[in-house]
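In: structural data only, the sequence is not supplied:
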């Protein structure tokens, strides 16, 4: 049975220390010094990022530090706090190309992926959909039609932990990509604040509000928080028909409701396409991976590079991730996937692997891709748009101001 080894949004507060290999210790006269850092998954809901900023400001940051890549990591790169990682030093060529984009700036690599691929997908309860006479939606129009049918059956169409805000952002990320293609947010992420006023941003917000107005998320979404597992439970207990969430949710469900998986009642598919939209239906959003980066001020750089090269996602770790239901961002996994004995496990792992391999674009979650000072305004305005407290156009105007 899969256990949750994937990206977590609940704060584990787990600290790690990497022992220096004996051969390295000998060069220091047998000292037992060790690398330090935070690992593996300090989440958005805890104060890890604030503590890291404070540590860097006090010159007490760890040798290797964890991040989601994107704008937050680039902030440290621009400040001269992160060492470039040469391909030969860390074997970076073995990692999935689309994943490495999140830790590559101006053609230089500043991080090594440390955990599984986490695209956002659409989960569904097969029995609930079947009882309502609904097929898994392939298009946005299919989704709206499914919402109407499911509401008629007294079922919440889409489970959403809107109180946590970032789950709502997943919808907006996909709706913008499907509407305007990956170039719209690429312009925003490049620092063009005016790109928030692109018509596609307004259209994406309108579609989010249309879903909310249609009752897609039920009446209590704003009181549901993700970290307590309530939104996940709505799906496997049959109170909700579908849920848009990252691939870590599979392991969460496996742990919380193993019988639900054993009966084959969980389905999953890509986020629906948008008829007439500029974005490829094969594009995905989410967290390509998380990364470990090397502090420029580290006194143990040789040991850190050895750790990144020889231990991070080595053969045994790759096997462990696959066994836990998570696909690591490593090239050439076809033979390992083929060797998985459980048909249901193999189907899930192959689905995730193929989804990423075939994706023309894998967009990092916006709150991680943007500079740190834009994350809070982004989540606040996403929530206001969801609640229809601002107009679809106001979202872009507000974010353009935040990014200026």
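Out: Cool, the structure landed. Just so we're clear, the structure is a prediction, and the values are computed from it rather than from any experiment. Numbers count the residues shown, from 1 in each chain.

In: and the residue nearest the centre of the chain, what pLDDT?
Out: With distances taken as C-alpha atoms, centre = their mean, the chain has residue 287 as the residue nearest its mean C-alpha position (2.6 Å). Note for residue 287: predicted pLDDT of 91.

In: nearest spatial neighbour of it, chain-adjacent residues omitted?
Out: residue 118 (4.2 Å; C-beta to C-beta, 6 or more residues apart in numbering). C-beta coordinates here come from the backbone N, C-alpha and C atoms, glycine included.

In: same check, this time on residue 173
Out: Closest residue to residue 173 apart from its sequence neighbours, by C-beta to C-beta, 6+ apart: residue 285 at 4.3 Å.

In: what's across from that neighbour in the sheet?
Out: On the basis of DSSP bridges, residue 285 is bridged to residue 363.

In: what's the separation between it and residue 379?
Out: 15 Å (C-beta to C-beta, to the nearest Å).

In: count of neighbours near the residue nearest to residue 287?
Out: 24 (other C-beta atoms under 10 Å).

In: thought it was touching residue 245?
Out: No. Using C-beta atoms under 8 Å, residue 118 is not in contact with residue 245; the gap is 9.7 Å.

In: show me where the protein has strands.
Out: 15-19, 34-38, 64-67, 104-105, 108-109, 112-113, 118-125, 156-159, 240-246, 266-269, 284-287, 291-294, 362-364 (DSSP state E).

In: before we move on, the earlier item: show me the contacts for the residue nearest to the centre of the chain.
Out: By C-beta atoms under 8 Å, 6 or more residues apart in numbering, the contact set of residue 287 is 7, 68, 118, 246, 364, 365, 368.

In: dump these into JSON lines; add distance to residue 183 as well.
Out: Below are the contacts of residue 287 laid out as JSON lines (distance: C-beta to C-beta, whole Å):
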{"residue": "7", "distance to residue 183": "27"}
{"residue": "68", "distance to residue 183": "22"}
{"residue": "118", "distance to residue 183": "23"}
{"residue": "246", "distance to residue 183": "24"}
{"residue": "364", "distance to residue 183": "15"}
{"residue": "365", "distance to residue 183": "18"}
{"residue": "368", "distance to residue 183": "19"}
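
In: with the residues you listed in mind, which one is nearest to residue 202?
Out: Closest to residue 202 out of the contacts of residue 287 is residue 365 (20.9 Å), distances taken as C-beta to C-beta.

In: pretty sure that closest one sits against residue 69.
Out: No. The pair residue 365 / residue 69 is not scored as a contact, 9.9 Å apart, by C-beta under 8 Å.

In: compare these two (neighbour count), which wins?
Out: residue 69 (27 against 24).

In: for that one, which residues are in contact?
Out: Residue 69 neighbours (C-beta under 8 Å, 6+ apart): 102, 103, 111, 288, 289, 290, 291, 364, 368.
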